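>>> would you be able to build a 3D model of this:
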Amino acid sequence: MARELNIDLLNSFRGLDEGTGPDGVAPTPPTYAKSDEMRVAHLHIENLSKRLKEFESRLEVMTSKVDEMTAQNKVRFERVQGHFKRQTELLSNGFADVHSKISQVVSRVNERKVEDTVVKEMVERQAHVVTAFESRMHQLQRVMSEQELQLMNARAELRESIQEIARLKKL
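Numbering: from 1, shown residues only. Okay, here's the model as predicted:
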């Protein structure tokens with residue numbers, strides 16, 4: 001694309017060189033302010049400078065208040081942060097205590113289970129020993145009753161033999 005110059009724009013600059021404005025009209029000569037207008041402007045400037053000083057003093061007061069509040073908030077934040085640290089330490093210590101107590105309880109439960117197992121085995125052995133003892137006792141009672149029966153038979157035969165001998169003597 002070829003670039004073209006805007007002729008209207010160039011014409012507006014030519015008018016400035018000749019003492020006319022961009023619209024082709026000659027500018028009016030500058031007018032100077034009168035002393036009354038200068039006093040009013042001076043009063044406005046003084047009034048504005050007073051207001052500016054008041055604003056600056058208020059700004060300084062506000063800055064000092066903000067600095068003071070920032071310092072107070074920093075102190076409060078540090079206090080709260082310290083409180084949270086203490087609470088965190090207390091909680092972690094509490095959790096550690098709970099964990100240690102739980103581990104103690106678990107170890108005691110395991111010890112009791114082992115002891116219960118040992119006691120159960122002992123009771124089973126005792127029951128086995130008692131059963132074996134009862135079995136032997138029954139065997140001994142049977143043997144004793146058989147022996148008593150044999151003894152009674154032997155006595156009966158002895159009596160019969162004595163009676164037989166006594167009878168034979170009489171004959």
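>>> give me the neighbour count for Arg155.
10 (other C-beta atoms under 10 Å). In this view, the C-beta of every residue, glycine as well, is placed from N, C-alpha and C.
>>> host element of it?
Arg155 is part of helix 35-170 when elements are defined by DSSP states H and E.
>>> how distant is that helix from the center of its chain?
Distance of helix 35-170 from the chain centroid (C-alpha atoms, centre = their mean, to the nearest Å) equals 19 Å.
>>> give me the mean pLDDT for it.
Mean pLDDT, helix 35-170: 94.
>>> so for Ala26, what's the pLDDT?
57.
>>> and Glu89, how far is that from Ile165?
Using C-beta to C-beta, to the nearest Å, one obtains 110 Å as the distance from Glu89 to Ile165.
>>> do the same with Arg108
Noted for Arg108: a distance of 82 Å to Ile165, by C-beta to C-beta.
>>> now do Lys53
162 Å.
>>> okay, now Arg167: neighbour count?
Arg167: 9 neighbours (other C-beta under 10 Å).
>>> next up, the contacts around it.
If a contact means C-beta atoms under 8 Å, 6 or more residues apart in numbering, then Arg167 has no contacts.
>>> what do you get for Gln126?
Applying C-beta under 8 Å, 6+ apart to Gln126 gives no contacts.
>>> now do the one 3 residues further on
Contact partners of Val129, counting by C-beta under 8 Å, 6+ apart, are absent.
>>> do Val66 as well
If a contact means C-beta under 8 Å, 6+ apart, then Val66 has no contacts.
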